[in-house]
Each structure stands twice: as structure tokens, then as C-alpha cells.
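Enquirer: Please work out how this folds:
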Amino acid sequence: MEGCFVEFNPPDEAHALRTIECVNYVAALKREDALDEGAMVKELSDAERAFFRALTPEELHEWNAFWFSTPLPQRHSPNMPTPGWDFGSMVESLADAEFEITGVRTERDSFYLTFEPESYPFGGTGCLVALLECLGNKVSSVNDGTGVVPHIQPVRWEPRHG
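Expert: Have a look, this model is predicted:
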């Protein structure tokens with residue numbers, strides 16, 4: 001597979017078809033500059049949206065205290081726990097990222113969400129990974145134009161009082 005992509009594995013054919021449908025929908029909205037939370041609320045099911053978590057004000061305060069108390073080198077390491085994407089941030093990142101989503105391609109038994117950056121840096125692939133994961137897929141690798149790297153599931157931060 002050449003070009004930029006996020007490689008993923010759907011658990012079954014129904015998830016594969018759902019993912020293709022959703023990615024095509026998102027790509028069309030992005031091309032039309034019409035991708036927003038309202039459109040995505042209509043597209044994603046309650047279960048799919050439940051993947052995302054909006055921190056309460058108390059949790060956000062706890063997260064900020066944790067973040068700023070963590071030494072700088074550790075803050076930016078792959079082992080730093082993160083609260084994950086909230087729904088609005090994922091949608092906004094998809095809408096604002098400087099890439100065109102070109103669809104889902106398959107090669108042999110592999111699935112790839114393909115995209116073409118319009119510039120570098122283009123905003124990253126995290127929002128694409130979040131979209132695929134909320135649809136029930138497991139992401140295995142990413143090529144953001146700098147080479148293929150395995151996707152490592154980030155450590156999730158959980159509030160102490162959540």
C-alpha cells in the first residue's frame with residue numbers, strides 16, 4: 001500500500017461495511033466544508049458516540065493538575081496517560097485537518113483509510129484513528145507520509161473521582 005493511510009482491522013463484515021459508509025460520508029462532508037458536530041451526531045449511533053468522553057469541569061481540573069504536575073519530558077512521552085478524544089474535538093480536527101480523505105481501500109485482508117495531505121504539517125492522524133476506533137475497528141499502523149509505523153494504543157487517564 002502506497003500513500004498515506006491508517007490501516008485497520010474490522011471485527012466482521014458488518015463493521016467493515018459500516019466503516020466504509022461512514023468514512024465516505026465524512027469525506028463528502030469535508031469536501032463540501034460541511035463537517036460539523038450536528039452532522040456527525042446524526043451519522044454516529046449512540047454506542048459509537050459513547051467511545052468519546054467529555055470531561056466534567058471537576059475532571060478537567062483534575063486532568064490539568066495531573067498534566068502540569070508531570071515533568072515536561074514525561075508529558076510528551078508515549079507512556080503519558082491521556083483522557084482520549086472528546087467528540088467535538090474529533091469532529092473539529094477532522095474538519096480542520098489539511099488533508100483530503102480519499103476513502104477506504106482493501107488489499108488482500110487489510111483495510112486502509114486513505115488520505116492525501118494538502119500540506120505538512122497537516123494536523124496529524126489522531127482524529128482518523130479515533131473515528132475508526134469509535135466504529136469498532138482496531139488500528140494496526142499509520143503512514144502519515146513519513147513512513148509506516150505501528151499504532152500503539154495510548155495509555156488512558158482515568159479521573160480518581162470519576
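Enquirer: Disregarding residues adjacent in the polypeptide, which is nearest to residue 151?
Expert: Excluding its sequence neighbours, the residue lying closest to residue 151 (Cβ to Cβ, 6 or more residues apart in numbering) is residue 139, at 4.4 Å. Where C-beta positions appear, they are placed from N, C-alpha and C, glycine not excepted.
Enquirer: That should have said residue 67, apologies.
Expert: residue 75 (6.6 Å).
Enquirer: coming back round to it: my read is the residue nearest to residue 151 is in a helix, agree?
Expert: No. Assessed with DSSP: H, G, I helix; E, B strand; the rest coil, residue 139 is strand; it does not lie in a helix.
Enquirer: ok, it - contacts?
Expert: 6-8, 129, 132-133, 151 (Cβ atoms under 8 Å, 6 or more residues apart in numbering).
Enquirer: any idea how far it lies from residue 30?
Expert: 19 Å (Cβ to Cβ, to the nearest Å).
Enquirer: what comes up buried for the helix or strand of the chain with the lowest mean pLDDT?
Expert: Using mean pLDDT, DSSP states H and E, the weakest-scoring helix or strand in the chain turns out to be helix 72-75, at a mean of 92. Within helix 72-75, no residue counts as buried by 16 or more other Cβ atoms under 10 Å.
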